[in-house]
Structures are given as structure tokens and as C-alpha cells.
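Asks: Next come a sequence and a model predicted from it.
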Amino acid sequence: MNLSYRAFYVWKRNLVAYKRFILPTLLVSLGEPFFYLVAMGLGLGAYMGLFGGVPYIQFLAPGLLISSCMLTSTFECLYDSFVRMIHEKIYSSLIVTPISAEDVVAGDILWGAFRGIISGLLMYLIAALLGAVPVSFGVIIELILLMVLTGFLFGSMAMIVTAYAPNFDFFNYYTQLLISPMFFFSGVFFPLEKFPVWIQQLSLFLPLTHAVTLSRAIVAGKFGWALVGNLAVLLVLSVIAFYLAVISMKRRLIK
Amino acid sequence: MIITARELVKKFGGLTAVDGIDFAIAPGECFGFLGPNGAGKTTTVRMIHCVSPKSGGELKVFGRDASVDDREIKKMVGVIPQENNLDADLTVHENLMLFADFFDLPRAEAKPRIRELLEFVELTGRMESKIDELSGGMKRRLLIARALINQPKLVIADEPTTGLDPQARHLIWQRLRELKKRGVTLVLTTQYMEEAEQICDRIIIMFKGKIIREGVPARLIEEEFGREMIEVKDSNDQAYHRPATLEDVFLKLTGRGLIE
């Protein structure tokens, strides 16, 4: 692993380029989860009683904001990274400088995570305006830390897919077969307890389940030792995914 | 010697792109790799600037092993790529400013240097242009400016004038010669014989991964043909008396068949 602080330069390059796309991309990354929050939280929620002791929108918001982080970093490290690598040839221009291939991959994953955090925070803002989440400094800091981890993990996972992608169509396998089901079987929209046991066990293998559990605990102010296991799963998966992303991407960049 | 290669080999799976070549390039020299498509020129220079690991043999750049000290070597090298990979999301100035960052150049030093470089490639006044607004020749000149941001001792130009019109080509040749005058070592690949005759002190002709001739352009022509030659055209049975060119040498050595 030939990693250095220069990964930060890659992140910075993306930030400078991002200035021009800030509005459209914010709208896109807000879009889907925002409509879920309004449609399901307010619309569907109106027909439901309390959900684990709270109104439905309060149950939904913590899961949605962390999913928003997941989706944004995933799409950033799939489509946007692919465009930078193949269409814009940014990666090839970077690796002739002292920036190594490893720095490029790490920098792009950090960028994906950063974009995820921004989306998650926007979602938090909207949820707060709707009164669905408590507004407190402690909660925001804890959520940001969780989003760093979530964004980094899903950015790394997406980057592995990008490393093998011959074209855009390839991403559908990943988004349709893994990311979309994860959205529904990770306890974002309803608790997993009523599912058959085998689905509950299966959901433990989905990283989003652990992120949602943590997010809900943070928002409820019940973050504690019982959640160390969830945190450990995210940490271990992050390390593995990042490592695989770097070596598979390096193989593609350095020939 | 600034670059030395011994028995250098590069394989892509079963394909041998560079097949055990030896060469040495002296400081201040302009050295050209010539050859048809697929001869192994680009692969060789990519190994020199450390973005493609060798499969065998030895390659030293600035006395350092190219497969070990890649970061140190890359700090001292400027690369003018074959295809435009300027950052289309950024302006001319932002492109150069970010590259200055990549080489850890402080802002205070970067600013005057960018101004000088834009002057050097005649792009002053284009600072805030977007990349899409530049012509092909301008883009190539900006690539040259970008390659010089770290004041490299060695500049590698991979087919620097392919696809440009004659005016743009001459301006680029002039700039490359200017760099040579300043003591920069130049390594270039080209398919244009004229380009090699214009700027190279020494050339290597590569074919199918091997070096088939090496020498000073003018002397190579003399060795193969003498000073002048007679060209006979099949179509009208007429003979032309003309000076021999490097192109004649090239065709004689690599054959007239289409290479694909």
C-alpha cells in the first residue's frame, strides 16, 4: 500500500470541480430520500399509530438519513468515479504526478464519503424542520461520525464494483441486486422483528442494518455499549472493503 | 546517464510489448523513440515515468530504480501525454493550480510560475477559459505548460504533435527546442519522421518490441541510402531524384506492409 497525504489532493480536485455542479447534485441526492420522508413519514404515518413508542416519521427519519448517506456515496463511487476514470481520464493524469494509484483511489473514496455526509446532513436538516429528529450538538456530532464510517464503507464497496466495470450497465447488478434490497431489509421502514427468523438473520449480513441500528440509537439518545458489536461490524467491513477497492483499482490503473 | 535500460522487458499477459531492449540517454539530450503503431514506444516511455511496471530487466532513471523509487522519480519528470487528459471540469488556471498542489508547490511560488508558463506556451489571457473552449493546438500547449509546473529535469512527450495542423506543430517543436536549450532532457515518441529530424539528437527505431536501429537521424539516412536516392513510380514509370529522408529509412527497415 503506497498511501500518502496526497489522497487529500484528489479530494480537493473533486471539491474544486464540484463547485459548478453543486446545485444539481444536491437536488439529486436529496430527491429520493426526501420524498420517502414526506410521503411515507407524513402520508403513510398519518394512518399508523405509534411505532416503538414514537410517531412513524420519527421512526423513519434516522434510517432514511443514513440511507441517504449510503446511496450518495455509492453512486458517487460508481458513476462519478467511472466517469473520472474512463471518460475524463482524470486518474491517468493524476498518476504521472507524485500521487500514487492508491492515493487516487483513497482520495476518491474520501470524496464519496464526504458527499454522503453532506446528503445525510441535508436529510437531517429536513427531518429537523419536520420535527422528526431532536436538534442537539451531540446528536449531530455522533451522526457525522457514523456517516463518515457509512460513507467510507459504501464508497469503498462501490469502488470495488467500479474497478471491474466495463461500462455503466454493469452497475445495475450491484444497485438492483444489493443496494435496493438492502434499503428494504435493513429496518429503515419498519422493525425487523416481525419478519421470519431467517430474514432477520440474513439482515445481519447487510451492513446498512448496523448503520440504521446505530443511527436510531443516536437519534434516540440511547447510544451505548450494547451497540459496540454494530460498530465493530462497520469498522471491520470498512477496512476489508477499502483494501479490496485499492488493490482491484490499482490493478486496473497500473498496467 | 539520466536513463539507462538493460534487457528491459514488458509483457501484457502472453503478449511481449517490449522485448529485451537496451538504451542509455544522456543529460540534455533529445532522444526519440520511433516506430509504427504497436512497436512498444509508448509502453517504454510509460515504464520510464513509472506508471507501468517492467516485467524484466533493469531500468534506472536519475540513477534510481524505476520500480522502487517511483514517487521520487515522478517529482522530477514532466509528462506530455498522447491523449488530452486535461481536467474539463476546471478552467485553465485551475488545471495548473491543482497540478502545482500535486507537486507540493507553495501557492506563492505557483502563481508566478503559472504566469510564466502560460506566457511560454502563448496562452496568456486564457487563464479563465474552460478546456472545451480551447482548440486542439491550445490544449496541447496547455498540456506542455502543465508538464513543466514542477520544473522537471526530464520531459517525456508521447507523440506531442499527432493530430495537429502545421502551424500548431511548428510552435510545439519550437517550444520543445527551447526547453532543450535550457538544459532539459527530452524523450519523445513519434511516428513522424520529420519530427524526429527536426528535434532529436539521437533516435531509436523500434519494431515489434525490439530496437532495430539506433543513431543520429542524418547519419542513419546516410548509412542506409547515402545522401540522395531515386524514387521510381510504378504508375507512370517516371523516376524522381531526391534527397533521402528518415521516412525512407523507416520504410526500408519496417517494411511497406500495413501494420495493425
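Replies: Here it is on my side, so go on.

Asks: tell me which strands and helices the host helix or strand of A:Leu149 is in contact with?
Replies: Applying DSSP states H and E as the criterion places A:Leu149 in helix A:137-164. If contacts are counted by 3 or more C-beta pairs under 8 Å, 6 or more residues apart in numbering or on different chains; DSSP states H and E, helix A:137-164 sits against helix A:56-75, helix A:81-82, helix A:101-129, helix A:170-174, helix A:207-219, helix A:228-253. Yep, even glycine has a C-beta here, placed from its N, CA and C like the rest.

Asks: Give me the buried positions along stretch A:232-243.
Replies: In terms of neighbour count (16 or more other C-beta atoms under 10 Å in any protein chain shown), stretch A:232-243 has its buried residues at A:233-234, A:237-238, A:241-242.

Asks: could you dump the residues you listed to JSON lines with pLDDT and distance to chain B?
Replies: Putting the buried residues of stretch A:232-243 into JSON lines (pLDDT from 0 to 100; distance: C-beta to the nearest C-beta, whole Å) gives the following:
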{"residue": "A:Val233", "pLDDT": "96", "distance to chain B": "35"}
{"residue": "A:Leu234", "pLDDT": "97", "distance to chain B": "32"}
{"residue": "A:Leu237", "pLDDT": "97", "distance to chain B": "30"}
{"residue": "A:Ser238", "pLDDT": "98", "distance to chain B": "26"}
{"residue": "A:Ala241", "pLDDT": "98", "distance to chain B": "25"}
{"residue": "A:Phe242", "pLDDT": "98", "distance to chain B": "21"}
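
Asks: just curious, which of these is nearest to B:Thr161?
Replies: B:Thr161 lies nearest to A:Phe242 out of the buried residues of stretch A:232-243, by C-beta to C-beta, at 41.8 Å.

Asks: Now do that closest one against A:Leu149, distance only.
Replies: From A:Phe242 across to A:Leu149, the span is 11 Å (C-beta to C-beta, to the nearest Å).

Asks: So which bits of chain B are right by chain A?
Replies: Residues of chain B that fall close to chain A, judged by C-beta under 8 Å from any C-beta of the partner chain: B:12, B:49, B:51-53, B:70-71, B:74-75, B:77, B:79, B:81, B:83-90, B:94, B:98-99, B:101-104, B:150.

Asks: I'd like to know the average pLDDT value across stretch A:184-191.
Replies: Across stretch A:184-191, pLDDT averages out at 89.

Asks: Now do the buried residues in that stretch.
Replies: For stretch A:184-191, by 16+ other C-beta under 10 Å, it's A:185-190.

Asks: and residue 34, what does it touch?
Replies: If you meant another chain, say so; for now it's chain A. Shown in contact with A:Phe34 (C-beta atoms under 8 Å, 6 or more residues apart in numbering or on different chains): A:123, A:126.

Asks: My question was about chain B, not that one.
Replies: Taking C-beta under 8 Å, 6+ apart, we find B:Leu34 in contact with B:41, B:189-191, B:193, B:196, B:203-206, B:246, B:250.

Asks: Give me the ChimeraX select line for those, limited to the buried ones.
Replies: In ChimeraX syntax, the buried subset of the contacts of B:Leu34 is picked out as below (16+ other C-beta under 10 Å):
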select /B:41,189,190,191,193,196,203,204,205,206,246,250
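
Asks: ok, B:Glu223 touching B:Gly215?
Replies: Yes - the pair B:Glu223 / B:Gly215 is scored as a contact, 7.3 Å apart, by C-beta atoms under 8 Å.

Asks: When those two are compared, which one has more neighbours?
Replies: When B:Glu223 and B:Gly215 are compared for neighbours, B:Gly215 comes out ahead with 16 against 12, by other C-beta atoms under 10 Å in any protein chain shown.

Asks: Measure how far the helix ranked longest in chain B is from the centre of its chain, please.
Replies: Criterion DSSP state H: the longest helix present in chain B is helix B:166-181. Computed by C-alpha atoms, centre = their mean, to the nearest Å, the chain-centroid distance of helix B:166-181 equals 12 Å.

Asks: I'd like to know which elements it is packed against.
Replies: For helix B:166-181, the elements it packs on are helix B:136-147, strand B:154-158, strand B:185-190, helix B:193-199, judged by 3+ C-beta pairs under 8 Å, 6+ apart.

Asks: Could you export these as a markdown table, including distance to A:Phe195 and mean pLDDT?
Replies: Below are the helices and strands packed on helix B:166-181 laid out as a markdown table (distance: least, C-beta to C-beta, whole Å; pLDDT from 0 to 100):
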| stretch | distance to A:Phe195 | mean pLDDT |
| --- | --- | --- |
| helix B:136-147 | 56 | 94 |
| strand B:154-158 | 58 | 96 |
| strand B:185-190 | 62 | 95 |
| helix B:193-199 | 70 | 85 |
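
Asks: any low-confidence regions in the chain?
Replies: Just so you know, I chose chain A. A:29, A:32-33 (pLDDT under 70).

Asks: meant chain B, my bad for not saying
Replies: Under the criterion pLDDT under 70, the flagged ranges of chain B are B:256-260.

Asks: And the residue nearest the centre of it?
Replies: B:Leu188 (2.1 Å; C-alpha atoms, centre = their mean).

Asks: list the contacts for that residue?
Replies: Applying C-beta under 8 Å, 6+ apart, we find B:Leu188 in contact with B:30-33, B:156-160, B:176, B:195, B:199-200.

Asks: Show the buried residues in the residues you listed.
Replies: Using 16+ other C-beta under 10 Å, the buried ones in those are B:30-33, B:156-160, B:176, B:195, B:199-200.

Asks: how far away is A:Gly41 from A:Leu130?
Replies: For A:Gly41, the distance to A:Leu130 (C-beta to C-beta) stands at 7 Å.

Asks: Neighbour count for the two, which is higher?
Replies: Legend: neighbour count by other C-beta under 10 Å for A:Gly41 and A:Leu130, higher for A:Gly41 (22 against 15).
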